[in-house]
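J.: Kindly return the folded structure for what I paste below:
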Amino acid sequence: MERRQFLKTSSVTGAAVLSGIAGGLAEAADPPREYYELRAYEMPAGNRKAVLNEYLSKAAIPAWGRLGIGPIGVFTVASGANGLTLYVLIPYPDLEAFVSAPGKLAADAEYRAAAAGYEGCSIDNPAYTRYESTLLRAFGNLPRLRVPAETAAKKPRLFELRIYESHSEAAALRKIAMFNEGGEIALFDRLGLRPVFFGQTLAGRRQPNLVYMTVHQDMAARDRIWETFGNDEGWKRLRAEPAFADTVSAITITFLRPAEYSQI
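T.: As a prediction, this is how the structure comes out:
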């Protein structure tokens, strides 16, 4: 971080941080921010997993695309206890698109025909057990998600999903300000720590929290870039800034692989 920029950041007080974020749900003069729905499907074991994947790839994703919703990310858990969870990231251009999408899908004859097998599942043979949905709003300094360069060529890539929980709403807003006004997103970009999206949770579990995703070539590359980040002098100065102290009380990290048909 340049000295002038750091001195400017250092003058930010907790009150100023909150006043800059307080109108977070109101559109400013900045570019419109996307809204993200992050779904976590709990899938049954066995071959029933194919039903959900076929629905997403052949019915839902094409229909969302016809509504101008996308690109859609679909991810499996690379390792860990949640191996039967399928994550789906749906970016909406605005809140109205999120609200109106279910009704528009129901009115789409092409969608209904492609989704017939999925929608016709019986109670004793479902396509999934349950799914949880989290609604997020993109950060001001990254208003639209970034599709990794590897996606077009379907090259191997590892996604890291991070959830930062805070002990209060004020602390959560200060952490968001740390990414935006504090320059943490700019620091990511300078060091090559590639974010896919950042989102403030508007509705979902274990609030207040924020969610973001980064992408790496593999786990070794992931470990190297986080080590570089942790040793960077700009990061050390930023995390020592009192305005941004004690903003995160719990972190959950999940490593994900893209499904074959994922658009991210």
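J.: so residue 84 makes contact with residue 42?
T.: Yes. Judged on CB atoms under 8 Å, residue 84 makes contact with residue 42 at a distance of 6.4 Å. Any C-beta I mention is one placed from the backbone N, CA and C, and that applies to glycine too.
J.: Show me which residues of the helix or strand hosting residue 136 are buried.
T.: Assigned by DSSP states H and E, residue 136 belongs to strand 130-138. Neighbour counts over strand 130-138 (16 or more other CB atoms under 10 Å) mark 134-138 as buried.
J.: Same list (the residues you listed) but as a markdown table, adding distance to residue 60 and pLDDT.
T.: Listed next are these as a markdown table, based on distance: CB to CB, whole Å; pLDDT from 0 to 100:
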| residue | distance to residue 60 | pLDDT |
| --- | --- | --- |
| 134 | 18 | 98 |
| 135 | 17 | 98 |
| 136 | 19 | 98 |
| 137 | 22 | 98 |
| 138 | 22 | 98 |
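J.: Report the mean per-residue pLDDT for the helix or strand following the strand holding residue 136.
T.: For strand 130-138, the succeeding helix or strand toward the C-terminus, using DSSP H and E, is strand 158-165. Mean per-residue pLDDT for strand 158-165: 98.
J.: And strand 158-165, what's buried?
T.: 158-161, 163-165.
J.: As JSON lines, those residues with distance to residue 254 would be great.
T.: Below are the buried residues of strand 158-165 laid out as JSON lines (distance: CB to CB, whole Å):
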{"residue": "158", "distance to residue 254": "11"}
{"residue": "159", "distance to residue 254": "9"}
{"residue": "160", "distance to residue 254": "8"}
{"residue": "161", "distance to residue 254": "5"}
{"residue": "163", "distance to residue 254": "8"}
{"residue": "164", "distance to residue 254": "13"}
{"residue": "165", "distance to residue 254": "14"}
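J.: what about stretch 127-144, start to end distance?
T.: Counting by CA to CA, to the nearest Å, you get 31 Å between the two ends of stretch 127-144.
J.: Now do it: distance to the chain's middle.
T.: 6 Å (CA atoms, centre = their mean, to the nearest Å).
J.: do you know how far residue 202 is from residue 67?
T.: 21 Å (CB to CB, to the nearest Å).
J.: For residue 54, state which of the buried residues of strand 130-138 is nearest.
T.: Nearest to residue 54 out of the buried residues of strand 130-138 is residue 134 (CB to CB; 24.2 Å).
J.: Sketch out the low-pLDDT regions of this protein for me.
T.: Within the chain, the ranges that satisfy pLDDT under 70 run 1-29, 80-81.
J.: In it, which residue is most central in space?
T.: The geometric centre of the chain, computed from its C-alpha atoms, lies nearest to residue 212 (CA atoms, centre = their mean), at 4.5 Å.
J.: ok so residue 41 is a helix residue?
T.: No. Read with DSSP: H, G, I helix; E, B strand; the rest coil, residue 41 is strand and lies in no helix.
J.: I'd say it and residue 131 touch.
T.: Yes. Contact criterion CB under 8 Å: residue 41 and residue 131 qualify, at 4.3 Å.
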